[in-house]
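Q: Give me a model of this one.
(chains A and B)
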Amino acid sequence: MTFLEIASISKSFGPVNVLKDVNLSIKEGEFVVFVGPSGCGKSTLLRMITGLETPTSGEIKIDGEVMNEVEPADRGTAMVFQSYALYPHMSVFGNISFGLRMAHRAKAFIRQRVESAASILRLESLMERKPGQLSGGQKQRVAIGRAIVREPKVFLFDEPLSNLDAELRVQMRTELIDLHKRLKTTMIYVTHDQVEAMTLADKMVVMNGGHIQQAGHPLTLYDDPDNRFVAGFVGSPRINFLPVSVKAVGGDTIGLSLEGSDRLTKLAFDGLDTDSDEMELGLRPQHLRILKDDEQALEQELLLEGDVVFVEQLGDVTYVHVDVSETSRIIVRADRKTYSGQSRIRAAADLSYAMLFGPDGARLRSRSLPTQ
Amino acid sequence: MKISVSATAVTTPRKVRAVSIWLVAKWIAAFLVALIAILPIWWMINVVFSVPGEPVSINPRLYPTSLGDGWAKISMVLTETEYFRAYLISLLYALLTITGVLIFGSMAAFEFALFEFPGKRTFFAIVMLSLMVPTAVTIIPTYLLTAQLGWLNTMQGLVVPGLSSAFGLFLLVQFMRSIPRDMIEAARLDGAGHFQIYWHVVIPLSKNALITLAILTFIQTWGNYMWPLIISSDPQMYTVGQVVGLFNSPLSHHTVDIVMTANLLAAIPPLVFFLIFQRKIVEGVAMSGTKG
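A: Next up, the predicted model:
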């Protein structure tokens, strides 16, 4: 059942439209991650849910109740800020209990709530410290503690881990997942880091240019993106895009050739419906293989050839960056056996995993054949 | 010169010598400045704590010689003249002004620095413009207004016109602008109302700026001569500055050492204040400049 509903939300700051007709429904207990490049409107959307911004039009409902006119403190949301926003003049206890004290709750009640939050977050020994005496990770936990004591219906996180170093970030991520499992509260998390989004999310909402590009389980978005933006944004290293022309359309296959090449490769595709012949093919780096010197590409495989410009050797995998034409650079996933320092390589692409994108960036899906 | 020679003997020649001379010159300059600043105060102390007439006699002394005489003069000034009453009035005048300036200044700065409202820029510009206008220009209209209110020779007449401190507002706004917006929003989400945010978050965070403003206001009010002179013609409402003026006036029958006693007593509170808080003043002023 829908717990939090965002209906036709738009927001403009003066002449700038930050969000345009955004619709989204979130189930109770879901861990939702808004992800997108900076300026895509994800933080604004979060701030509207919590009431720090007012939507220009549209409606936000939490638990069936319209929240547009409700004060931020009364919405049942709690937010963790990127900067932690701890009050530097108060102790950890003072910070965590601030909201309860503002609500004039009984002292015993406050103590009990704060202590239980502190034990969840392992902050018991730090209660008398000031934020200035805490490490980044501890500050972040205090900020989460401040949210927990309010027992909100929805937790909101605005890029909470971006000020932490890489190792601590991974550790905090697992702690957040653990926290979500224990509290079972709806959580909405904003990040620009797609790896973070994929590891945390039950539901990943990819945003760009004020629109939701696609929402769904991270792996669904990875395997079956709706458009070129989502395909390019989800997955690391990035998916390769190759300009192709449709040379032949017949039955359940189409014939494609790479820009500047005559070799025709067949792609299983039923019902191509577009005016333009110029398309883009999306191929993930792991679906390409480097051919040995004497090896030939299979007939159903796309052949790519080019100069190696850059190699990332990460031990278990090797990412080879290759210029296949003046405008296209691709990444091929290899390993130490298959790549041994050649300056020019040939690679074959398995097209059963390929995705086709139209000139407007929309995904073209085959009618009958399910794409992988 | 001797220092530089000995320094050359120890380490590499030229560089060290240059540094030493520069260092010595700096010390001499600092010493001279300190001397110029301290000498008048020292002279006051010298004259007060001496047998009357001694420091200006044929055989003057540059150091106090009689503690007893000093105390006698101080108690005479405090008990036999209206000085003590003026002292209390000045103190009350300063404390009320500080309280008022801090309350009004911090409230206004809170709004100007952290919130948006229609006409904010215009209002702030007007307030800042008033910084450019010399006091001499506004003093007559302010006097007329105060007189019409019937506040001549009253404490409110003395205090109220000084409560709107454009400088104080500027100082506090600059400081409060450096408070992260996130913190204000976090407090809002925590259910703190407008006043609670002001009281529990912004005021404690602005402590240094408020202390700076309090000290500066104290020094300014204590030393304010013109406004009390205009507003209170009744000797019952005289401030320390005015009373010291009386002591110093050409027709005064007081001897030099009594006049000096009055001067010294008037100088003590700002001196004590400054000595205690000088680090805070420097920190506060520097902070308001760089952190904004």
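Q: so where is chain B shaky, pLDDT-wise?
A: Within chain B, the ranges that satisfy pLDDT under 70 run B:1-19, B:281-282, B:284-292.
Q: Nearest residue to A:Glu128 in space, please, no chain neighbours.
A: A:Ser91 (5.3 Å; Cβ to Cβ, 6 or more residues apart in numbering or on different chains). Just so you know, the C-beta spots here come from the backbone N, C-alpha and C atoms, and that holds for glycine as well.
Q: Could you count how many residues lie near that neighbour?
A: 17 (other Cβ atoms under 10 Å in any protein chain shown).
Q: Does it touch A:Leu123 like I think?
A: No: counting by Cβ atoms under 8 Å, A:Ser91 stays clear of A:Leu123, with 11.1 Å between them.
Q: Tell me which residues touch the residue nearest to A:Glu128, please.
A: The contact partners of A:Ser91, taken as Cβ atoms under 8 Å, 6 or more residues apart in numbering or on different chains, are A:Met127, A:Glu128, A:Arg129, A:Lys130.
Q: which residue is nearest the middle of chain B?
A: Nearest residue to the geometric centre of chain B (Cα atoms, centre = their mean): B:Ile219, 1.7 Å.
Q: Spatially, what comes nearest to that one if we skip its sequence neighbours?
A: Going by Cβ to Cβ, 6+ apart, B:Ile219 has B:Pro270 as its nearest residue, at 5.1 Å.
Q: What number of residues are in the vicinity of the closest residue to A:Pro72 other than its chain neighbours?
A: With sequence-adjacent residues excluded and distances taken as Cβ to Cβ, 6+ apart, A:Pro72 is closest to A:Gly51, at 3.4 Å. Other residues near A:Gly51 number 22, with proximity taken as other Cβ under 10 Å.
Q: repeat for A:Tyr84
A: Neighbours around A:Tyr84, by other Cβ under 10 Å: 24.
Q: Name the secondary structure element that contains it.
A: For A:Tyr84, there is no host helix or strand (DSSP states H and E).
Q: which ones are touching it?
A: A:Pro131, A:Lys139, A:Gln140, A:Val142, A:Ala143, A:Asn163.
Q: What about those residues, which are in helices?
A: Within those, residues falling in helices by DSSP state H are A:Lys139, A:Gln140, A:Val142, A:Ala143.
Q: Using the three-state scheme, assign A:Gly341.
A: Classification of A:Gly341 using DSSP: H, G, I helix; E, B strand; the rest coil returns coil.
Q: Need the phi and psi values for it.
A: phi 90, psi 20 (degrees, to the nearest 10).
Q: Contacts for the host helix or strand of the residue nearest to the centre of chain B, please.
A: Under the criterion of DSSP H and E, B:Ile219 resides in helix B:207-222. By Cβ under 8 Å, 6+ apart, the surrounding residues in contact with helix B:207-222 are A:89, B:90, B:93-94, B:97-98, B:101-102, B:105-106, B:162, B:165, B:167-168, B:171-172, B:175-176, B:203, B:240-241, B:269-270, B:273-274, B:277, B:280-281, B:283-285, B:287-288.
Q: same thing but at 7 Å, please
A: B:90, B:93-94, B:97-98, B:101-102, B:105-106, B:162, B:165, B:168, B:171-172, B:175, B:269-270, B:273, B:277, B:280-281, B:283-285, B:287-288 (Cβ atoms under 7 Å, 6 or more residues apart in numbering or on different chains).
Q: Would you pull up how far the helix or strand encompassing the residue nearest to B:Ile219 lies from the middle of the chain?
A: Assigned by DSSP H and E, B:Pro270 belongs to helix B:256-290. Relative to the chain's own centre, helix B:256-290 is displaced by 6 Å; criterion: Cα atoms, centre = their mean, to the nearest Å.
Q: Repeat that for stretch A:51-67.
A: Using Cα atoms, centre = their mean, the offset of stretch A:51-67 from its chain centre is 23 Å.
Q: Between the two ends of that stretch, how far is it?
A: 8 Å (Cα to Cα, to the nearest Å).
Q: which parts of that stretch are buried?
A: A:Gly51, A:Leu52, A:Glu53, A:Pro55, A:Gly58, A:Ile60, A:Lys61, A:Ile62, A:Asp63, A:Met67 (16 or more other Cβ atoms under 10 Å in any protein chain shown).
Q: Kindly indicate which of these lies nearest chain B.
A: Chain B has its nearest neighbour among the buried residues of stretch A:51-67 in A:Leu52, at 5.4 Å by Cβ to the nearest Cβ.
Q: Ramachandran coordinates for the closest one?
A: According to degrees, to the nearest 10, A:Leu52 has phi -80, psi -20.
Q: my read: it touches A:Arg75, true?
A: No: the pair A:Leu52 / A:Arg75 is not scored as a contact, 10.3 Å apart, by Cβ atoms under 7 Å.
Q: if I look at the residue in the stretch 1-150 of chain B positioned nearest to chain A, how far off is B:Phe124?
A: Nearest to chain A in the stretch 1-150 of chain B, going by Cβ to the nearest Cβ, is B:Glu116, at a distance of 12.0 Å. B:Glu116 sits 12 Å away from B:Phe124, going by Cβ to Cβ, to the nearest Å.
Q: Looking at those two, which has the bigger crowd around it?
A: Ranked by neighbour count (other Cβ under 10 Å), B:Glu116 and B:Phe124 place B:Phe124 first, with 17 against 7.
Q: Leaving out sequence neighbours, find the closest residue to that one.
A: Per Cβ to Cβ, 6+ apart, closest to B:Phe124 is B:Phe112, 5.5 Å.
Q: What of B:Tyr63?
A: B:Asn46 (6.5 Å).
Q: any idea how far the helix or strand that neighbour falls within is from the chain center?
A: Assessed by DSSP H and E, B:Asn46 sits inside helix B:13-48. Here helix B:13-48 is found 25 Å from its chain centre; the criterion is Cα atoms, centre = their mean.
Q: who does that helix touch, helix- and strand-wise?
A: Using 3 or more Cβ pairs under 7 Å, 6 or more residues apart in numbering or on different chains; DSSP states H and E, the elements in contact with helix B:13-48 are helix B:2-10, helix B:256-290.
Q: Specify the angle between the helix or strand where B:Arg85 lies and helix B:256-290 in degrees.
A: Taking DSSP H and E as the definition, one finds B:Arg85 inside helix B:83-114. Going by axes from the mean of the first three to the mean of the last three Cα atoms, to 10 degrees, helix B:83-114 is angled at 10 degrees with respect to helix B:256-290.
Q: so what does the following helix or strand past helix B:83-114 touch, helix or strand wise?
A: Proceeding N to C from helix B:83-114, the next assigned helix or strand is helix B:120-132, under DSSP H and E. Packing partners of helix B:120-132 (3+ Cβ pairs under 7 Å, 6+ apart): helix B:166-177.
Q: And for the helix it packs on, what's in contact with it?
A: With Cβ under 7 Å, 6+ apart as the criterion, helix B:166-177 contacts B:101, B:105-106, B:108-110, B:112-114, B:127-128, B:130-131, B:202, B:206, B:209, B:212-213, B:217, B:287-288, B:292.
Q: Stretch A:242-254 too?
A: Counting by Cβ under 7 Å, 6+ apart, A:255-259, A:264, A:266-270, A:272, A:277-281, A:283, A:328, A:330, A:368 sit against stretch A:242-254.
Q: try it again with 6 Å
A: The contact list for stretch A:242-254 (Cβ atoms under 6 Å, 6 or more residues apart in numbering or on different chains) reads A:255-259, A:264, A:266-270, A:272, A:277-281, A:328.
Q: which residues of the stretch 101-250 of chain A fall in helices?
A: Under the criterion DSSP state H, counting those that start in this stretch, the stretch 101-250 of chain A contains helices at A:107-120, A:136-148, A:166-183, A:194-200, A:218-223, A:228-233.
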